[in-house]
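Visitor: just to be clear, the model below is a prediction. Sequence and coordinates:
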Amino acid sequence: MPENDRKNSTENLNTALRYIAGRKAAEESLGFLAHISATVQQTPQLKEVVPAVAKACVPFFASAVSLGALATHSQLIVQSPTGYSTALEGVRGLLSENDAEKIVISAHEGLAKQTDPGHLTRLRQWQAESAVALPMTYRGVHGGHLIALRGEGHRRGPISPSDLALISEVADRVAAFNAFVTHLAGSESL
């Protein structure tokens, strides 16, 4: 009987630890999204918003980020250590090659069906573990793509379905900002 008590106690402890870890991850994600929203709303200069968002994403959420921000910048905004430049360029190339709006590359079991195994092999050759490229379109205004990638050993591991949902929210906020600035530019100059 004591053997069963120990086994149940261990199972209960494992369940409690998984619950706590899940809650902590959810709180961290909500806090990150609130920080991104505050960054978009409170950055004083319009031209500083997208770089500030990119800076907030690295390294907490991704190893490297590239944002197309056509409304405020004529070039890509990149927040990345030099080691990920090839991977960012490679993912941009995959978008063009496949004439795709969205690409998901991750070995996470929840995203395996969305991932082309050939893309995963190429990404690893470029020294990255997972990546997503999402369109930043809001009410018909296209603002390029948000590309986020993670290298091996990133604290959050490969991009998961919940990470994909979170980065989609970031892309939506930047897309809405781009649409706002595009509309504003039509009525006055930046």
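Guide: Received, thanks.

Visitor: hmm, which helix or strand of this protein has the shakiest average pLDDT?
Guide: Ranked by mean pLDDT, DSSP states H and E, the helix or strand of the chain with the weakest confidence is helix 2-42, at a mean of 78.

Visitor: other SSEs contacting that helix?
Guide: Packing partners of helix 2-42 (3 or more CB pairs under 8 Å, 6 or more residues apart in numbering; DSSP states H and E): helix 46-57, helix 161-187. Yep, even glycine has a C-beta here, placed from its N, CA and C like the rest.

Visitor: can you give me the distance of the most centrally placed residue in the chain to residue 37?
Guide: In the chain, the residue lying closest to the centroid (CA atoms, centre = their mean) is residue 167, at 3.7 Å. Taken as CB to CB, to the nearest Å, the spacing of residue 167 relative to residue 37 amounts to 14 Å.

Visitor: before we move on, what about residue 47?
Guide: In terms of CB to CB, residue 47 sits 19 Å off from residue 37.

Visitor: ok, now residue 81?
Guide: Distance check for residue 81 against residue 37: by CB to CB, it reads 26 Å.

Visitor: ok, now residue 88?
Guide: Distance from residue 88 to residue 37, by CB to CB: 25 Å.

Visitor: go on, residue 75?
Guide: Relative to residue 37, and taking CB to CB, residue 75 is found at 25 Å.

Visitor: of these two, who's got more company?
Guide: The neighbour comparison of residue 75 against residue 37 (other CB atoms under 10 Å) goes to residue 37, with 14 against 8.

Visitor: list the contacts for the more buried one?
Guide: residue 173 (CB atoms under 8 Å, 6 or more residues apart in numbering).

Visitor: i'd like the first residue to be 123 from this point on
Guide: Done: numbering now begins at 123, and the last item shifts to residue 159.

Visitor: the least confident helix or strand of the chain: how far from the chain's middle?
Guide: Here helix 124-164 is found 20 Å from its chain centre; the criterion is CA atoms, centre = their mean, to the nearest Å.

Visitor: can you check what angle separates that helix from helix 283-309?
Guide: Relative orientation of helix 124-164 and helix 283-309, computed by axes from the mean of the first three to the mean of the last three CA atoms, to 10 degrees: 10 degrees.

Visitor: wait, a strand at residue 271?
Guide: Yes - according to DSSP: H, G, I helix; E, B strand; the rest coil, residue 271 belongs to a strand.

Visitor: buried residues, stretch 185-203. List them.
Guide: 185-195, 198-202 (16 or more other CB atoms under 10 Å).

Visitor: residues making contact with it?
Guide: For stretch 185-203, contacts defined as CB under 8 Å, 6+ apart pick out 168-169, 171-173, 175-177, 179-180, 206-207, 209-210, 214, 250, 258, 263-273, 276, 296, 299-301, 303-304, 307, 312.

Visitor: now it: average pLDDT?
Guide: For stretch 185-203, mean pLDDT is 84.

Visitor: also stretch 220-233?
Guide: On average, the pLDDT along stretch 220-233 is 91.
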